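Undergrad: Sharing a model prediction with you, sequence too.
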Amino acid sequence: MPDKPFLTDVKTLRERARQHIERGAVTAGYSADRETVIKLLNEALATEIICVLRYKRHYFMASGITSSNATAEFLQHANEEQQHADLLAQRIVQLDGEPNFSPEGLATRAHAEYVEGDSLLDMIKEDLIAERIAIDSYREMINYIGSDDPTTRRMLEDILAMEEEHADDMNNLLVEMAEH
Ligand SMILES: [Fe+2]
Ligand SMILES: [Fe+2]
């Protein structure tokens, strides 16, 4: 058997950690394309901000019409999209990047759209569409990252799971409305 160690020896590991300490959490073993990962995370950040704005708009508009399950869901989703935005921004900084919170170009950077919707039914439909866009784009990002950046991947997987819950919530509201 050729002598090819699976793990880096302790001496090399210690030496590598001492080099470039200004890079913080980004070590020599980081094998993903950092710039691309940061760009993708910034697009996801823009998507989450747009989703916060859309759900907030829907929450306040729907509160004027009715106090249905929909209003409670809109508010909860707005808060959860804000948490996603915070997680993404935090990870971008850990990767030595800068989170883009600029309102300029925000709607273009985002994958999902800001649609106001004329009726409660329209709002729910638009939210479901936005969630479905988010689901597909998170899944693509997860596939792109593969095993190159496990921490980013795990975060994206957690967010994806919640977007799937959001889509399911909106779908349930549509079913409820069709029944009444
Ligand atoms: Fe989200
Ligand atoms: Fe969502």
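TA: Noted; the coordinates are in hand. Residues are numbered from 1 along each chain as shown. Ligands and ions are numbered 1, 2, ... in the order given.

Undergrad: Quick one: name the residues of this structure near ligand 2.
TA: 131, 163, 166 (Cβ under 5 Å from the ion). In short, each C-beta sits where N, CA and C put it, glycine included.

Undergrad: mean confidence for stretch 151-160?
TA: For stretch 151-160, mean pLDDT is 98.

Undergrad: I would like the residues contacting it, please.
TA: Residues outside stretch 151-160 that contact it (Cβ atoms under 8 Å, 6 or more residues apart in numbering): 32, 37, 41, 44, 84, 87-88, 91, 94-95, 135, 138-139, 141-142, 145-147.

Undergrad: cutoff 7 Å now
TA: 37, 84, 87, 91, 135, 138, 139, 141, 142, 145 (Cβ atoms under 7 Å, 6 or more residues apart in numbering).

Undergrad: I'd guessed the fourth one sits against residue 44; true?
TA: What that stands for is residue 91. No. Between residue 91 and residue 44 there is no contact under Cβ atoms under 7 Å: 9.7 Å.

Undergrad: of the two, who's got more company?
TA: residue 44 (26 against 22; other Cβ atoms under 10 Å).

Undergrad: How about the contacts made by the residue nearest to the more buried one when sequence neighbours are not counted?
TA: Of all residues not flanking residue 44 in the chain, residue 88 sits nearest, at 5.3 Å (Cβ to Cβ, 6 or more residues apart in numbering). Shown in contact with residue 88 (Cβ under 7 Å, 6+ apart): 41, 44, 45, 48.

Undergrad: any idea how far residue 20 is from residue 91?
TA: Distance, residue 20 to residue 91, using Cβ to Cβ, to the nearest Å: 19 Å.

Undergrad: make that residue 59, sorry
TA: 27 Å.

Undergrad: and the helix or strand bottoming out on mean pLDDT in the chain, how far from the chain's centre?
TA: Here the helix or strand of the chain ranked lowest by mean pLDDT, DSSP states H and E is helix 10-18, holding a mean of 79. Its chain's C-alpha centre and that of helix 10-18 lie 34 Å apart, by Cα atoms, centre = their mean, to the nearest Å.

Undergrad: same question, stretch 136-147
TA: 11 Å.

Undergrad: Pull out the buried residues from that stretch.
TA: Within stretch 136-147, the residues that count as buried by 16 or more other Cβ atoms under 10 Å are 137, 138, 141, 142, 144, 145.
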